[in-house]
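Colleague: no sequence on this one, just coordinates:
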C-alpha cells in the first residue's frame, strides 16, 4: 500500500474477492470509507453489493483479500465480533426477531451494552431493575426516533413493510455503531417514503452526534439513483462483482462505465 | 388417585422436560437429556453403593442414607455433566437443526452401550440396593418439589434477563442475532450445559428413588418421551415443559384401570395434543391472557404487568 498521512480510514476493503463455486460474486473490490461520510454502493441487481456487505460484516468468508477496521485486519472475523467493534447492519430481506415485540427487538440490539452483574440479575435487585428500566427507555427512544414508538409492545410481525425497515434501523443503532451498513433501506417503499428516507438518515446522524460521542458513518446500498446522488458524499459502483467507478456523485454520474452498465453502450457521440 | 410415588415420577418428568426445554429456548433441539440423566443416575448408584464414607455401603441397604451425601452426589453429578456437556457441546453444537438432534441421539446410545458393557456399572443387570435417603415416597416428593421449584425459578430469571433475550433472538434468527453482537456459540453452549446439569441432578434423585439403576434408564425411548413433554406442554415458556412433564408422566398411570387400552389412549393424547394445540398447551399468549385477568396488585407483585415503555419514557 502507498504511504498514507493521517489516520487510517474507518473501513478499508482491499482487493476483496468472493467465489461461489465458479461464480465470482465479488471480484477484487477495493474501497475506503472515511469517518463521518455517507458512502453509497450502487449497482444493478446481482452486482455483488449484498455479498460485499456480508463479507464485511463477517457473515460470509471472503475467498481472498482483506478487510481493515481502523487499520486492524478483521478479515473473516465472526459477525458478533465485527458487531462488537462498531459495525452494525440491516438486511435487504429484513431479519427481525419474529417472536419478540418491537421493543425487545431493539433491546437485542443493546445486547453488548446491557451486561449486568450476574448475581444482581439473578436476584433481580433494585439496582438491576433500575438499569433494565434505563435500557428499556433507551430502546424506546430509538423507536421514537424512527417514529414507531407507539408500536413498542406489538409483535414485530404485525408491522408494515416500511415500519419493519425502520425497526431494523433502530435495532442496528442500538448497537451504538460507528459504521452503519444499510442494505437497500428503501426497497419496497414508495417515492414519498424514499424521499423521507434521506431526511431520516440525516436526522439519525444529527441525533447520533448528540447521543454518542462520535459521528455516525454510513455505508448504504440502494438502487434509487436520485436518492443516492442527493444523499451520498461518495459512491462506488459495482457491476458483475467488479468496482467500475468510485468518486463523488457528480463524477460517478459522468463516468462512461456507469452509463454503460445502467443504460447499455452509449452512442458514439463524443468521438 | 395420585400417590406420593407417582408424584415423584411426575416431578422428575417436569425436571426432564425443563432439561429438554433449555437448549430449545435458543432453537437447539437436543435429545441428550437421557444421556446426562443416565450419567447422574449411574454416578449416584456407584457412589452410594461403593463408597462407605458417604454413609451407604453394603451394610446400609435400607433407609438412613445421609441427605448431605445425596446433595454431594448431586453436586458431583452437576460438575461432571457440566464439564462433559461443555466439551461435547463445543463440538456437537456446530451442527444445526436435525443434525444436532441426530448427534445427541448418538451420544445417548453410546452412553447406553458403554454402561451396558462395563462391569463396574453392572452390565445389563445394573446396580441394585441403592440406599434410601428418605423412608417414605413423600420425602422424595418434597425434596424433588424443592428441586423443581429451584430450577423453575432459575428458568424464570433466565427468561427475564439478558440471557433469555439473547436466546430468544438466536432461536428466531441466528444471523441477525450474531450481527447484533450476540456470541451465539457461547449462549448455545450455556443452554446445553444447563440442560445437562438439570438432567444429571435429576438422575441422582431418580437412582435413589428407584432403588435400582440399569442402562435402560437412558435410552432412545426416554429421549422421545422427554421430547413429548415439551411438544405437548409448549416450548416457548418454561411452564409448558413442566405442565407437559407432569401430565404425560401421570397419564399412563392414571389410565391403568382401562388395561392395555391405556397405551392407545396415551398414543391418542400424544397425537391429538400437537394437532389441536400446535404451539403446545401453554403459550405466551395464553399466559398473557391469564395475567390480564388477575387483580392488578397481584399482577404488579408478580411483575406480570407489561412494562409500558411509554409510561417510563414520558413523565
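Modeller: Received the coordinates, thanks. Not measured: the values here are computed from a predicted model. Residues are numbered from 1 along each chain as shown, chains lettered A, B, ... in the order given.
Colleague: Helices of chain A, start to end?
Modeller: If you assign secondary structure with DSSP state H, the helices in chain A sit at A:49-56, A:79-85, A:102-109, A:118-123, A:126-145, A:161-174, A:191-211, A:225-231, A:249-254, A:256-263.
Colleague: Tell me which of those helices is the most buried.
Modeller: When the helices of chain A are scored by mean count of other C-beta atoms under 10 Å in any protein chain shown, the highest mean neighbour count falls to helix A:102-109 (a mean of 28). (Each C-beta comes from the backbone N, C-alpha and C, glycine too.)
Colleague: if we can go back for a sec, pipe the helices of chain A into CSV and attach distance to chain B per row.
Modeller: Output for these, formatted as CSV (distance: least, C-beta to the nearest C-beta, whole Å):
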stretch, distance to chain B
helix A:49-56, 9
helix A:79-85, 4
helix A:102-109, 4
helix A:118-123, 5
helix A:126-145, 4
helix A:161-174, 7
helix A:191-211, 15
helix A:225-231, 23
helix A:249-254, 29
helix A:256-263, 29
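Colleague: got JSON lines for the ones you listed, with mean pLDDT too?
Modeller: Converted to JSON lines, the helices of chain A look like this (pLDDT from 0 to 100):
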{"stretch": "helix A:49-56", "mean pLDDT": "95"}
{"stretch": "helix A:79-85", "mean pLDDT": "95"}
{"stretch": "helix A:102-109", "mean pLDDT": "96"}
{"stretch": "helix A:118-123", "mean pLDDT": "91"}
{"stretch": "helix A:126-145", "mean pLDDT": "93"}
{"stretch": "helix A:161-174", "mean pLDDT": "93"}
{"stretch": "helix A:191-211", "mean pLDDT": "84"}
{"stretch": "helix A:225-231", "mean pLDDT": "87"}
{"stretch": "helix A:249-254", "mean pLDDT": "90"}
{"stretch": "helix A:256-263", "mean pLDDT": "83"}
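Colleague: closest to residue B:102 out of the ones you listed?
Modeller: Across those, residue B:102 has its closest neighbour in helix A:79-85 (26.2 Å, C-beta to C-beta).
Colleague: Give me the distance between the closest one and the centre of its chain.
Modeller: Put simply, helix A:79-85 sits 13 Å off its chain's centre (C-alpha atoms, centre = their mean, to the nearest Å).
Colleague: on that earlier part again, want to throw the helices of chain A into TSV with distance to residue B:170?
Modeller: Below are the helices of chain A laid out as TSV (distance: least, C-beta to C-beta, whole Å):
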stretch	distance to residue B:170
helix A:49-56	19
helix A:79-85	11
helix A:102-109	10
helix A:118-123	18
helix A:126-145	19
helix A:161-174	15
helix A:191-211	27
helix A:225-231	34
helix A:249-254	40
helix A:256-263	40
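Colleague: what about residue B:108, distance to residue B:221?
Modeller: The gap separating residue B:108 from residue B:221 is 10 Å, by C-beta to C-beta, to the nearest Å.
Colleague: sorry, back to before: mind checking which of the helices of chain A is nearest residue A:7?
Modeller: Closest approach to residue A:7 among the helices of chain A is made by helix A:79-85 (15.9 Å; C-beta to C-beta).
Colleague: quick one, which of the helices of chain A is nearest to residue A:91?
Modeller: If you check each of the helices of chain A against residue A:91 by C-beta to C-beta, helix A:161-174 wins as the nearest, at 6.8 Å.
Colleague: looking just at contacts, which helices and strands does the closest one meet?
Modeller: strand A:87-89, helix A:102-109, helix A:126-145, strand A:179-183, helix A:191-211 (3 or more C-beta pairs under 8 Å, 6 or more residues apart in numbering or on different chains; DSSP states H and E).
Colleague: Around the residue in the stretch 151-271 of chain A that chain B sits nearest to, how many other residues sit close by?
Modeller: Nearest residue of the stretch 151-271 of chain A to chain B: residue A:152, at 4.8 Å (C-beta to the nearest C-beta). Burial of residue A:152 is recorded as 23 neighbouring residues (other C-beta atoms under 10 Å in any protein chain shown).
Colleague: And for residue B:144?
Modeller: If you count neighbours by other C-beta under 10 Å, residue B:144 ends up with 22.
Colleague: Now do the residue of the stretch 151-271 of chain A closest to chain B, the pLDDT please.
Modeller: If you check residue A:152, the pLDDT there is 93.
Colleague: which one of residue B:108 and residue B:221 has more residues nearby?
Modeller: residue B:108 (22 against 10).
Colleague: mind checking which helix or strand that one is in?
Modeller: Secondary structure assignment for residue B:108, by DSSP states H and E: helix B:97-117.
Colleague: Which helix or strand lies directly C-terminal to that helix?
Modeller: The helix or strand immediately downstream of helix B:97-117 is helix B:137-160, counting by DSSP H and E.
Colleague: Quick one: check whatever helix or strand comes next after that next one for contact with chain A.
Modeller: Once helix B:137-160 ends, the next helix or strand along the chain (criterion: DSSP H and E) is helix B:162-172. Yes. Interface with chain A: helix B:162-172 contributes B:162, B:165, B:166, B:168, B:169, B:171, B:172 (C-beta under 8 Å from any C-beta of the partner chain).
Colleague: I'd say the second one and residue A:109 touch.
Modeller: Think residue B:165. No. Using C-beta atoms under 8 Å, residue B:165 makes no contact with residue A:109, being 10.4 Å away.
Colleague: Relative to residue B:69, how far out is the residue in the stretch 1-150 of chain B positioned nearest to chain A?
Modeller: In the stretch 1-150 of chain B, the residue that lies nearest chain A is residue B:27 (10.5 Å; C-beta to the nearest C-beta). According to C-beta to C-beta, residue B:27 and residue B:69 sit 38 Å apart.
Colleague: Same question for residue A:123.
Modeller: Counting by C-beta to C-beta - residue A:123 and residue B:69 are separated by 29 Å.
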